[in-house]
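# here is my input; please provide its structure:
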Amino acid sequence: MKIVFAHDTRFVSDGTDTYCDSYFEAAVWQRYLKHFDRITVIGRQGGPLSEAGYGNLQLSSTQNVEFELVSNLSSLRGQLVTRWTQLARIKQLLASSDGLIARLPSEIGLVAIGCARDLGKPWAAEVVGCPWDGIWNFGTIKGKLYAPLAYHRMRRVVRQAKFAIYVTNSFLQRRYPCPSGLTAAVSDVELERPAKTTLSRRLTRQSQSFDRTLKLGTIATLNGRFKGIQTVISALSLARHRFPSLTYHVLGGGDPGPWQKLIHQHRLEDIVRMDGSVPSGEPVIRWLDDIDVYIQPSLKEGLPRALIEAMSRGCPAIGSSAGGIPELLENTDIFTAGGVDELASLLARKLPDRQWMEESARKNWKLSASFEKAIIEGRRDEFYRHFASYVANPK
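Below is the predicted model of the structure:
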């Protein structure tokens with residue numbers, strides 16, 4: 001069987017292979033190739049490989065996966081100029097396939113679902129985020145006007161799905177219910193079982209943390225403001241006088257220029273560090289092991305991988321109210337997304353608290369075990385076995 005996978009992820013090509021700077025490295029496609037013979041990925045066409053603004057590009061090409069890259073359907077030009085050409089191409093690809101997996105929110109995903117329904121093709125929705133949070137918190141008047149429309153479009157589509165898989169346990173299910181379809185709660189995050197020695201090393205580090213500079217950290221792309229780095233910078237400008245020995249580190253690719261200007265405006269050059277990007281895996285683990293408190297200040301989220309990885313390293317953590325973050329952290333460790341004063345107050349209470357440091361480390365390390373790869377894969381495989389069976393015999 002052949003399946004189409006549709007999402008707004010930006011891919012770039014060197015003429016032979018296709019790459020992405022986000023989630024869809026080649027290994028990810030194996031979770032679908034277990035159940036389908038071939039995949040056609042419809043995504044956004046990125047610029048040249050040499051273009052500034054990319055993080056660490058990952059090879060996305062692999063056997064039995066082909067790519068069809070289209071222009072940005074969310075842009076005004078995409079809506080007015082190229083939409084009908086792209087629509088015809090998407091419909092053509094679906095006509096020669098057996099079904100569709102649409103990752104939402106995404107304009108390409110919504111368009112593909114419309115085409116699949118017109119053609120009578122089976123489709124499933126992967127619900128990984130909330131467009132209301134993403135667009136409303138973007139900060140523009142146009143975004144705030146469009147947010148309700150985006151919310152209702154996605155809500156209507158998911159309600160009609162026969163199959164919907166969510167990355168959260170409850171948040172996205174409440175906002176975008178699928179009352180009559182088969183659903184599953186399966187995080188995108190897969191971790192190896194966290195070792196007990198990880199926690200013991202963390203607790204040893206904590207016992208020494210009050211005799212040296214305290215390190216705060218966030219993993220986030222520098223492209224765009226939706227990860228909330230600006231909230232932390234503004235909060236630190238209010239709270240830093242309480243903590244003379246403190247630094248804040250941001251790990252992630254993208255253009256640091258706008259952030260350096262913001263750091264300068266708040267006169268935080270001595271404590272805020274842009275650490276650039278490193279390859280995934282062991283380099284990220286080493287970076288997390290050198291952080292004392294992890295902050296997830298997102299304005300929009302599904303279920304953040306970076307936060308779960310930090311928890312698996314025993315990091316005490318603070319997070320915003322966006323998306324599924326409150327499913328991971330205690331209510332007392334949450335601040336309202338974008339709430340500068342609230343975060344500053346939370347930092348002032350938590351950072352000097354040795355008992356909180358230890359309790360948070362233990363709770364986070366323990367909870368991260370629920371994201372063990374074998375557990376997550378089992379849930380996902382069960383869902384896609386049912387969908388593949390339906391694709392093979394929709395009647």
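# tell me where the longest strand sits in the protein.
Scanning the chain for the strand with the most residues, using DSSP state E, yields strand 2-13.
# show me what that one is packed against.
strand 18-20, strand 38-45, strand 65-70, helix 83-95, strand 99-104, helix 107-119 (3 or more CB pairs under 8 Å, 6 or more residues apart in numbering; DSSP states H and E). Where you see a C-beta, it was placed from the backbone N, CA and C, and this is true even at glycine.
# pretty sure residue 20 sits against residue 57.
Yes: counting by CB atoms under 8 Å, residue 57 is a contact partner of residue 20 at 7.0 Å.
# overlap in contacts of these two?
Contact criterion CB atoms under 8 Å, 6 or more residues apart in numbering; residues shared by residue 20 and residue 57: residue 12.
# closest one to residue 168 among the helices and strands packed on strand 2-13?
strand 99-104 (13.0 Å; CB to CB).
# each with direction, which strands does that closest one pair with?
strand 2-13 (parallel), strand 123-127 (parallel) (DSSP bridges).
# how about the helices in the stretch 251-395 of the chain?
Assignment of helices within the stretch 251-395 of the chain using DSSP state H, counting those that start in this stretch yields the ranges 257-265, 282-289, 305-312, 340-350, 354-368, 373-392.
# now the closest residue to residue 343 other than its chain neighbours: how far from residue 355?
Nearest residue to residue 343, sequence neighbours excluded (CB to CB, 6 or more residues apart in numbering): residue 235, at 4.0 Å. Separation of residue 235 from residue 355 (CB to CB, to the nearest Å): 22 Å.
# quick one: which of the two has more around it?
Between residue 235 and residue 355, residue 235 has the larger neighbour count (other CB atoms under 10 Å), namely 25 against 7.
# if I pick the more buried one, what's in contact with it?
Residue 235 is in contact with 340, 341, 343, 344, 347, counting by CB under 8 Å, 6+ apart.
# need the three-state assignment for it.
helix (DSSP: H, G, I helix; E, B strand; the rest coil).
# just to revisit the earlier point, more crowded one of residue 20 and residue 57?
Ranked by neighbour count (other CB under 10 Å), residue 20 and residue 57 place residue 20 first, with 25 against 17.
# my guess is residue 350 contacts residue 294. True?
No: when contacts are counted by CB under 8 Å, residue 350 is not listed as touching residue 294 (11.7 Å).
# give the residues shared as contacts by these two.
In the contact map built from CB under 8 Å, 6+ apart, the residues linked to both residue 350 and residue 294 are 316, 318.
# the two - which one has more neighbours?
When residue 350 is set against residue 294 and neighbours are counted by other CB under 10 Å, the residue ahead is residue 294, at 24 against 17.
# and that one, what's its pLDDT?
For residue 294, the model assigns a pLDDT of 98.
# so it bridges to which residues?
residue 217, residue 317.
# OK, contacts around it?
216, 217, 218, 288, 306, 307, 310, 311, 315, 316, 317, 318.
# closest to residue 207 out of those?
Closest approach to residue 207 among the contacts of residue 294 (CB to CB): residue 316, at 13.3 Å.
# run a quick neighbour tally on residue 341.
There are 13 residues near residue 341, going by other CB under 10 Å.
# now residue 223
Around residue 223 there are 17 residues (other CB under 10 Å).
# and it, what pLDDT?
For residue 223, pLDDT reads 83.
# which SS state does it fall under?
Residue 223 is classified as coil under three-state DSSP.
# apart from its chain neighbours, what residue comes closest to it?
Counting by CB to CB, 6+ apart, the nearest residue to residue 223 once its immediate chain neighbours are dropped is residue 254, at 4.1 Å.
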